[in-house]
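make a model of this:
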Amino acid sequence: EPTNHLDIDALALAIKNFERSVVIVSHGFRLLSQVAEELWEVADKTVHNQTKGDISIIDRKRNLMKHSEAQLEKVKLISKIATKGKT
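Numbering: from 1, shown residues only. Here you go, the predicted model:
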């Protein structure tokens, strides 16, 4: 989904005004936070409802960002350890 030239707000309004169900496959949290009522994730050959337990999409994004940052720091640390003995 190339959203770099789309007017996200206009797209969100069109989706909100559409009177049927819509499935959106996106990594764009700006659009999702404006229109989604539920957030589902497909991972490890399973589908998980990420909005169970009354977690908002914005809160889910924050959790994902924290997890991603922690994973990135772990990779950096492993990389430092792996290259430490090399000159």
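
all the helices of this protein, residue numbers only.
Under the criterion DSSP state H, the chain carries helices at the ranges 8-17, 29-35, 57-84.

nearest to residue 43 among these would be which one?
With CB to CB as the criterion, residue 43 lies closest to helix 57-84 of the helices of the chain, at 11.6 Å. Every residue, glycine included, has its C-beta placed from N, CA and C.

follow-up on the earlier one: export the helices of the chain to CSV and tack on mean pLDDT, mean neighbour count and distance to residue 45?
Shown next, in CSV, are the helices of the chain (pLDDT from 0 to 100; neighbours: other CB atoms under 10 Å; distance: least, CB to CB, whole Å):
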stretch, mean pLDDT, mean neighbour count, distance to residue 45
helix 8-17, 89, 12, 29
helix 29-35, 81, 16, 23
helix 57-84, 74, 11, 20
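
including distance to residue 42, could these go into a markdown table?
Output for the helices of the chain, formatted as a markdown table (distance: least, CB to CB, whole Å):
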| stretch | distance to residue 42 |
| --- | --- |
| helix 8-17 | 20 |
| helix 29-35 | 15 |
| helix 57-84 | 14 |
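
nearest to residue 41, of those helices?
For the helices of the chain, the distance to residue 41 is smallest for helix 57-84, at 9.0 Å, taking CB to CB.

on contacts alone, who are the packing partners of the closest one?
If you count contacts as 3 or more CB pairs under 8 Å, 6 or more residues apart in numbering; DSSP states H and E, helix 57-84 packs onto helix 29-35.

right, I'll leave it there.
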